[in-house]
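Chemist: sequence and computational prediction follow.
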Amino acid sequence: MHTYLQTMRCGVLWTLALVAGTVQAELQVNQVGFLPLAAKWAAVSVGSGLQTNAFAVVNAATGATVQEGLLRPAADWAPAGQRIRLADFSTLQTPGHYRIRVAGQLDSAPFEVGGGAYEALSKGVMKAYYFARAGMPLEVRYAGVYARQAGHPDTEVRVHASAASALRPAGTVIASPQGWYDAGDYNKYIVNSGITVGLLLAAYEHFPQIAGAWQVNIPEQGNGLPDVLNEVAWNVDWMLSMQDPADGGVYHKLTNLRFDGEVMPDAATEPRYVVQKTTAATLDFAASMAMASRIYAQYEAQRPGYARQLLLAAQRAFAWAGAHPQVFYVQPADVVTGKYEDQQLADEWAWAATELWLTTKAPRYRRQLDLAGLSSAPPSWQDVSGMAWMSLAQHIAALPAADAAQVRQALQSNAQHYIADWQASAYRLALPPTAFHWGGTSAVLGEGMLLVAAYRLSGERAALDAAQSAVDYVLGRNPLGQSLVTGFGTHSPLHPHHRSSRADGVEAPVPGFVVGGPNPKQQDKAECPPYPSAPPALAYVDDACSYASNEVAINWNAPMVYLLAALQALTSSAH
């Protein structure tokens, strides 16, 4: 039997089923909403007593039926051990607030259909980067109840022994201010910053009319730069300070020797260090700086000389990597913070060569780009091949014919594989193998980005619909019946692994952060209460202890930012 909980979220009373110690909705749907022309799906578990073939879309306020349809045939979904039936209500295009109703079931969470359905969410996931800023106070006029004192000025950072050089021996004090806190902790990492900056810049470069219009209430607003570029610059400026001016190599991370406790940033006062130069960090730096140079060049009047500074930094980094092609990160004995180690660097070389080639048109960078060796994995810090594919697709009109053909073939072949999985899935989800690992939420979104790249080349509607499903999964069409973005959706994470949310005294967590999602490996099970469910798609616990399933991270937000920009730019004209 189920017991029930009634909860007020976002001004709406919603009834939830309590099953095996976790909260699950009986009928799962994207809890934020849909653009009018988007594909729209909901899911219901057959095992919950379903005794009808019909569903209805009802007005969320009045309960009046506005559309009816038949559920799809039942199918098994192994990741959750569930038998599922789907409701397709894609023909609903009239703006409004709705729920899905199935006889004998609890109504779904409410959702919006309308042209502005993603406006608040888009700004929220972008504003999360402001809340992650290091080195500045967050004022009430910008941060509201999440205002806080400045933490980690990083104006006096020590050079760790692993990073020592003749001109900067161990213990040398340097300044490396600004940047974003990486995740639930207060450290800053170049490898993860690289892909994050790259994706945010891509959202702007690919969809400037959408991403460039977001106004998210940050201190720089109104200075002539779009807010997304103002926010990215806060982290890019930090990244520049991580390059050794003597040789162009880039430090892997700026960190304490150990993680801070559950305190606010201003109360975290342990000494900070830059740790080891690595090839991976230096190539990620080169790629993202070259990309930034290309984009900020449009704003020379607002940032004089900035684009040139970024390009020179990228070129020097690429040269250092050429002279040091296999300097892998090795965690020093006295450092226990995040590693971001990577010993497979073909993808980093490809991304860096791609961005430098696209920005400079210099043939020497094309000669170092091996397209045949690139994987089609969703972009991640471990494999940035997808970053190269996405940038090449954006600039396909300027590529030599043979390169353009190879880009088209790679992305469209990859999309056909994803689309086939999506069409065959009981949940109408094309989830990659990494979907139920640490940070799997971003893998789902990463797959969606590659589908968008393919759609922009082919116009095949199924690719766009499959990308929409990636967003739907993160926003509640999943076996948890839960949005995986803090503060958005009727049932969203309340206790993320995020030090500021834990220590700020505000009941609700800092909004706009994407959490990692179900992870059956449960690397934190020794520190956490038991996960409520064992199946991979249900291996999640909304507890601040759960860094394996409920942590936030800047690289998990970035693909959500990109996909929301893409869907708003593309769905309005899709047919």
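Modeler: In hand now; what should we look at?
Chemist: strands paired with the host helix or strand of D76, and their directions?
Modeler: If you go by DSSP states H and E, D76 is part of strand 75-77. The strands that strand 75-77 pairs with in its sheet are strand 82-88 (antiparallel) (by DSSP bridges).
Chemist: next secondary structure after the partner strand?
Modeler: Next helix or strand after strand 82-88 toward the C-terminus (DSSP H and E): strand 96-101.
Chemist: pull up the pairing partners for that following strand, direction included.
Modeler: In its sheet, strand 96-101 lies beside strand 54-59 (antiparallel), strand 111-113 (antiparallel), with partners assigned from DSSP bridges.
Chemist: for it, what is the average pLDDT?
Modeler: Strand 96-101 shows a mean pLDDT of 98.
Chemist: not counting its own residues, what contacts that strand?
Modeler: Applying C-beta atoms under 8 Å, 6 or more residues apart in numbering, the external contacts of strand 96-101 come out as 27, 29, 42, 55-61, 65-66, 87, 89, 92, 107-114. Every residue, glycine included, has its C-beta placed from N, CA and C.
Chemist: try it again at 10 Å.
Modeler: Among residues not part of strand 96-101, those counted as contacts by C-beta atoms under 10 Å, 6 or more residues apart in numbering are 12, 14, 27-29, 33-34, 40-44, 54-61, 63, 65-69, 87, 89, 92, 106-114, 117.
Chemist: before we move on, the earlier item: check what contacts the strand holding D76 and list those residues.
Modeler: Under the contact criterion C-beta under 10 Å, 6+ apart, strand 75-77 has outside partners 43, 45-46, 82-86, 424-429, 431, 479, 535, 537.
Chemist: got it, and stretch 263-270?
Modeler: Taking C-beta under 10 Å, 6+ apart as the rule, stretch 263-270 contacts 132-135, 137-138, 148-153, 181, 185-186, 255-262, 499-500, 502-505.
Chemist: what about the nearest residue to G151 once chain neighbours are set aside, how many neighbours?
Modeler: Taking C-beta to C-beta, 6 or more residues apart in numbering, and ignoring the residues beside it in sequence, G151 has P265 as its nearest neighbour in space, at 2.1 Å. A count of neighbours around P265, defined by other C-beta atoms under 10 Å, yields 24.
Chemist: quick check: buried residues in stretch 291-301?
Modeler: Taking 16 or more other C-beta atoms under 10 Å as the basis for neighbour counts, the residues of stretch 291-301 that come out buried are 291-296, 298-299.
Chemist: one more: stretch 319-334?
Modeler: Of the residues in stretch 319-334, those buried under the neighbour-count criterion (16+ other C-beta under 10 Å) are 320-321, 327, 329.
Chemist: one more: stretch 217-224?
Modeler: Residues of stretch 217-224 classed as buried by neighbour count (16+ other C-beta under 10 Å): I218.
Chemist: pLDDT averaged over that stretch, what's the number?
Modeler: For stretch 217-224, mean pLDDT is 97.
Chemist: what do you get for stretch 387-399?
Modeler: Confidence over stretch 387-399, taken as the mean pLDDT, stands at 98.
Chemist: distance from that stretch to the middle of the chain?
Modeler: Averaged C-alpha coordinates place stretch 387-399 at 21 Å from its chain's average position (C-alpha atoms, centre = their mean, to the nearest Å).
Chemist: after the helix ranked longest in the chain, heading C-terminal, what element do we hit next?
Modeler: Secondary structure assigned by DSSP state H gives helix 401-424 as the longest helix of the chain. Reading on from helix 401-424 to the C-terminus, the next helix or strand found by DSSP H and E is helix 440-458.
Chemist: by how many degrees do that following helix and helix 401-424 diverge?
Modeler: 120 degrees (axes from the mean of the first three to the mean of the last three C-alpha atoms, to 10 degrees).
Chemist: buried ones among the contacts of strand 75-77?
Modeler: Of all the contacts of strand 75-77 considered here, the ones buried according to neighbour count by 16+ other C-beta under 10 Å are 43, 45-46, 82-86, 425-429, 431, 479, 535, 537.
Chemist: and S391, what does it touch?
Modeler: Shown here is S391, whose contacts under the criterion C-beta under 10 Å, 6+ apart are 198, 201-202, 205-206, 287, 290-291, 294, 351, 354-355, 357-359, 407, 453.
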